[in-house]
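Asker: quick one, what's the 3D model for this:
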Amino acid sequence: MLAEPENKPGEASLAAIIVAAGYSFRMKRFKPLLSLGGGTVLEKAVHSFQKSGIRDIRVVVGHRANELYPVLDRLEVQTIVNPNFSEGMFSSVTSGVKSLSPMVKGFFLLPVDNPIVNRDTLKKLQNTFFTTEFGIIYPSHQGMRGHPPLISCRYVNNVITWNKPGGMRALLEQYEHDAIDVEVDDPGILLDMDTPEDYHQMLKYCGHIQVPSEEECYVIIKNANTPVRVFNHCKQVAHLSSAMGSYLIRSGCQMNIELIRAAALLHDLAKGEPHHAQVGAKMLINYPEVAEIVAEHTDICLNPDQSLTEKEIVYLADKLVIEDQIISLQDRFAGPLEQHKNDQEVTKKIRRRFSNAERIQTRIEEIIKMPLHDLWKADLGGQG
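Answerer: This next block holds a predicted model:
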C-alpha cells in the first residue's frame, strides 16, 4: 500500500469541521445520507477537504448518529458527538470548535448541506489565510459569500463563550473588520439543500440524475399498493412514451429514455388519492427528476419556443392511453368534454389540456417526420 503524502506545513495546521447533527426538518429526509455524485452528501463534503490536502477533518453528529458511524469509520475522520444537538446548529459548531487541538491555527466550517466545494477554492482560502493578517476568510462567487469560511483559531474562545441570538453568523458579523472575501469561480459554494427542490438543483449541478431501474419502479409501485388496473395503464404509457423518446433521439433530440420510462411507470403511483400527482411526487423524493415529471403529468403547457423534454413525452403518452389501450387524442377528450359540457370552468380546463397535448403531438410528428399513429403501429403491435 502506498503511503499517504505528507501534509504541507500550512495544511497540517488547518482543520475542517463539518456539521451533520441536525434534524433535516425541511428536507424530510436525512440529508447526510442522501445520494450525491456516486456517494452520499456526507462523503461528498469530506472528500472536498481531503482532495485539498486537509487531513484533520471532524464531523459533528447528533440526530441519527448511529447511522453515520459506519460511514465516518470508512472515511477515517474524527467523530464529534453533540449531545445537545436539539438546541440548534450553533451547539454543534461549539462542539466541533471545542474539540480542536492547540496545534490548529484555523478551521473551515461547513454545514453538511453545503457539500460541493472545489479543491481550487479551498486552496485559495488557505493561501489567503497564510499570506494575510485576516482572521476570517470567506469564499465569494459573483459577489456573494458562500461556504465554507476559514476562521482563525484566535476566535475559538469567542465561539465557546458566545451566548447571544443569531448563532455563528451573528458572532462573525461582530468581526467584519477582520474578514476578507476571496472571489472564486465556484458556484457550488452557494448551493445548499434545505429543501427537496434545493437537492434537485444540486443533483443537476453535479450532473447526477437519479433514476430508478424498472425493477425498482415495480417495487415502489407494489409498496404503494397501486391497483393492478392502474399499473397496467402505467406500463402501456411507459411503452408508448419510450417509443416516442427513441424516435426523437434518432431524429437528433436529447432525451433520457431511462428517465422517461421510470416517470411513465410511476406517474399514477398514487392514483385514487386527492391530488394524486403531487402525492406521488412526494413519495419519490429520492428521485427528484422523476418526481418533477410525476408532479406535472396532469397539466402542462408547451410554449412555442420551448424544446421538448421528457416531461412533455410522458404527458402526451398519458393522454393517449385509456386503461391500457392507445387511442387518439380526439377520442380521449371527447368523453370528458361531453360529460362536463354544462360546466364552463371544467370544460375550459379540459380544452386547455387537449390543446397542449395536440401541440406536443404536432411538434413530435414534425421532428420524427411521421404520424404517431404509424409509430405505435410499427412499435407497439398495431394498436390504434
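Asker: which stretches of the protein form strands?
Answerer: Per DSSP state E, the chain carries strands over the ranges 14-20, 35-36, 39-40, 56-61, 78-81, 106-111, 136-141, 144-145, 150-152, 179-183, 321-322, 325-326.
Asker: partner strands of the second one, parallel or antiparallel?
Answerer: In the sheet containing strand 35-36, the strands it pairs with under DSSP bridges are strand 39-40 (antiparallel).
Asker: what's near enough to touch the residue lying closest to R351 once chain neighbours are set aside?
Answerer: Nearest non-adjacent residue to R351, counting by CB to CB, 6 or more residues apart in numbering: L337, 7.3 Å away. All C-beta atoms are positioned from the backbone trio N, CA, C, and that covers glycine. L337 makes contact with 347, 350-351, 354, according to CB atoms under 8 Å, 6 or more residues apart in numbering.
Asker: out of those residues, which are buried?
Answerer: Buried members of the contacts of L337, scored by 16 or more other CB atoms under 10 Å, are 347, 350, 354.
Asker: chain neighbours aside, what residue packs nearest to the last one?
Answerer: Looking back up the chat, that one is F354. Leaving out its chain neighbours, the residue that sits closest to F354 by CB to CB, 6+ apart is F333, at 4.4 Å.
Asker: same thing with the second one?
Answerer: Using CB to CB, 6+ apart and skipping residues adjacent in sequence, the residue nearest I350 is P336, 5.0 Å away.
Asker: what number of residues are in the vicinity of V93?
Answerer: 23 (other CB atoms under 10 Å).
Asker: try the one 5 residues further on
Answerer: Close neighbours of K98, defined as other CB under 10 Å, add up to 12.
Asker: confirm for me that it is in contact with I160.
Answerer: Yes. Contact between K98 and I160 holds when scored by CB atoms under 8 Å: they sit 6.2 Å apart.
Asker: pull the contacting residues for the residue lying closest to L110 once chain neighbours are set aside.
Answerer: Spatial nearest neighbour of L110, chain neighbours left out: P148 (3.9 Å); criterion: CB to CB, 6+ apart. By CB under 8 Å, 6+ apart, P148 lies in contact with 16, 108-110, 114, 117, 125, 139, 189.
Asker: give me the phi and psi angles of P148.
Answerer: Main-chain dihedrals, P148, degrees, to the nearest 10: phi -100, psi 140.
Asker: buried sites along stretch 308-324?
Answerer: In stretch 308-324, counting by 16+ other CB under 10 Å, buried: 308-321, 324.
Asker: now E296. Nearest residue, chain neighbours left out?
Answerer: Per CB to CB, 6+ apart, closest to E296 is K311, 6.2 Å.
Asker: a markdown table for the contacts of P148, including distance to D181, neighbour count and pLDDT?
Answerer: A markdown table is the format used below for the contacts of P148 (distance: CB to CB, whole Å; neighbours: other CB atoms under 10 Å; pLDDT from 0 to 100):
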| residue | distance to D181 | neighbour count | pLDDT |
| --- | --- | --- | --- |
| A16 | 20 | 26 | 98 |
| F108 | 15 | 26 | 98 |
| L109 | 16 | 21 | 98 |
| L110 | 17 | 24 | 98 |
| N114 | 17 | 23 | 94 |
| V117 | 15 | 28 | 94 |
| L125 | 10 | 24 | 97 |
| P139 | 8 | 27 | 97 |
| I189 | 11 | 22 | 95 |
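Asker: picking that back up, need the winner for burial among the strands of the chain.
Answerer: Most buried of the strands of the chain by mean neighbour count (mean count of other CB atoms under 10 Å) is strand 14-20; its value is a mean of 28.
Asker: coming back round to it: how near is the residue nearest to F354 to L284?
Answerer: 28 Å (CB to CB, to the nearest Å).
Asker: contacts only, for the residue sitting furthest away from the middle of the chain.
Answerer: Relative to the centre of the chain, and counting by CA atoms, centre = their mean, the farthest-placed residue is N342 at 43.7 Å. N342 makes contact with no residue under the criterion CB under 8 Å, 6+ apart.
Asker: quick one on the thing from earlier: what about the buried ones among the contacts of L337, which are in helices?
Answerer: Judged by DSSP state H, these include 347, 350, 354 as members of helices.
Asker: residues in contact with the first one?
Answerer: It refers to T347. So T347 contacts 337, 340-341 (CB under 8 Å, 6+ apart).
Asker: reformat the residues you listed as a markdown table; add pLDDT and distance to Q236.
Answerer: Conversion of the contacts of T347 to a markdown table gives the following (pLDDT from 0 to 100; distance: CB to CB, whole Å):
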| residue | pLDDT | distance to Q236 |
| --- | --- | --- |
| L337 | 90 | 23 |
| H340 | 90 | 25 |
| K341 | 88 | 28 |
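Asker: closest to H276 among these?
Answerer: H340 (19.1 Å; CB to CB).
Asker: give the full set of residues in contact with that closest one.
Answerer: 346-347, 350.
Asker: any idea how far it lies from A334?
Answerer: 12 Å.
Asker: quick one, helices of the stretch 101-250 of the chain?
Answerer: 119-131, 156-161, 167-173, 196-205, 214-223, 228-250 (DSSP state H, counting those that start in this stretch).
Asker: okay, these, which one's buried deepest?
Answerer: helix 228-250 (a mean of 20).
Asker: residues making contact with it?
Answerer: 221, 226, 255, 257, 260-261, 263-268, 271-272, 308, 310, 313-314, 316-318, 320-321, 323-326, 364, 367-368, 370, 372, 375-376, 379-380.
Asker: neighbours around the residue nearest to I350, how many?
Answerer: P336, neighbours per other CB under 10 Å, totals 16.
Asker: just the pLDDT for it.
Answerer: In the prediction, the pLDDT value recorded for P336 is 88.
Asker: for the closest residue to M144 other than its chain neighbours, what are its contacts?
Answerer: Of all residues not flanking M144 in the chain, L190 sits nearest, at 5.8 Å (CB to CB, 6+ apart). Applying CB under 8 Å, 6+ apart to L190 gives the contacts 141, 144, 146.
Asker: adding distance to Q201, write these out as JSON lines.
Answerer: Listed next are the contacts of L190 as JSON lines, based on distance: CB to CB, whole Å:
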{"residue": "H141", "distance to Q201": "15"}
{"residue": "M144", "distance to Q201": "15"}
{"residue": "G146", "distance to Q201": "14"}
